[in-house]
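1. Below: sequence and its predicted model.
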Amino acid sequence: MFDFEKLNVYKKAKDLNKSILKFVRENKYIDPYVRDQLRRASISIVINIAEGSGKFTKPDKRKFYAIARGSCYECVSLMEIIFEEKQVDKNVFDNYYNEFEQISKMLLRLINSQK
């Protein structure tokens, strides 16, 4: 087992990524650029957590966890654009918003633990 597979934030980000991938596949009416960017940003969270866990120094780990957190923020921004364009209802938006917020907080704790 790899170290990142033990991290709760990795597991949660991976589950959310699965949901986002399904969301973008099912919502073809959303601008293709926005859909692609959301898909890529969501994947970026997962892969940067994994990559960061494989680094040897705390500053290197923090860098990748911070990139993952930035991608989380990017996802929220993209979901806001989709919501403001009335391409997703409030319940769906709120659910994703809360999930990304939880992951962001978990990542912040992980970043702070690497000081």
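-> Nice, I can see it. Numbering: from 1, shown residues only.
2. Now stretch 11-20: buried residues?
-> 12-14, 16-17, 20 (16 or more other CB atoms under 10 Å). For every residue, glycine as well, the C-beta is placed using N, CA and C.
3. In TSV: those, plus secondary structure and pLDDT.
-> Below are the buried residues of stretch 11-20 laid out as TSV (DSSP: H, G, I helix; E, B strand; the rest coil; pLDDT from 0 to 100):
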residue	secondary structure	pLDDT
Lys12	helix	98
Ala13	helix	98
Lys14	helix	98
Leu16	helix	98
Asn17	helix	98
Ile20	helix	98
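4. Can you name the element that comes right after the lengthiest helix in the chain?
-> The residue-count maximum for a helix in the chain (DSSP state H) belongs to helix 58-84. Using DSSP states H and E, the next helix or strand after helix 58-84 towards the C-terminus is helix 90-112.
5. C-alpha coordinates for that following helix, PDB please?
-> The C-alpha trace of helix 90-112 is given here as PDB (Å, rounded to 0.1, in the frame of the first residue of the first chain):
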ATOM      1  CA  LYS A  90     -28.800  25.000  -5.700                       C
ATOM      2  CA  ASN A  91     -28.900  21.600  -4.000                       C
ATOM      3  CA  VAL A  92     -26.300  20.200  -6.400                       C
ATOM      4  CA  PHE A  93     -24.100  23.300  -6.100                       C
ATOM      5  CA  ASP A  94     -24.400  23.300  -2.300                       C
ATOM      6  CA  ASN A  95     -23.500  19.600  -2.100                       C
ATOM      7  CA  TYR A  96     -20.300  20.100  -4.200                       C
ATOM      8  CA  TYR A  97     -19.400  23.300  -2.400                       C
ATOM      9  CA  ASN A  98     -19.600  21.500   1.000                       C
ATOM     10  CA  GLU A  99     -17.500  18.600  -0.200                       C
ATOM     11  CA  PHE A 100     -14.800  20.900  -1.600                       C
ATOM     12  CA  GLU A 101     -14.800  22.900   1.600                       C
ATOM     13  CA  GLN A 102     -14.200  19.800   3.700                       C
ATOM     14  CA  ILE A 103     -11.400  18.700   1.400                       C
ATOM     15  CA  SER A 104      -9.900  22.200   1.600                       C
ATOM     16  CA  LYS A 105      -9.900  22.100   5.400                       C
ATOM     17  CA  MET A 106      -8.400  18.600   5.500                       C
ATOM     18  CA  LEU A 107      -5.700  19.800   3.100                       C
ATOM     19  CA  LEU A 108      -4.900  22.800   5.200                       C
ATOM     20  CA  ARG A 109      -4.500  20.600   8.200                       C
ATOM     21  CA  LEU A 110      -2.200  18.400   6.200                       C
ATOM     22  CA  ILE A 111      -0.200  21.400   5.000                       C
ATOM     23  CA  ASN A 112       0.200  22.700   8.500                       C
END
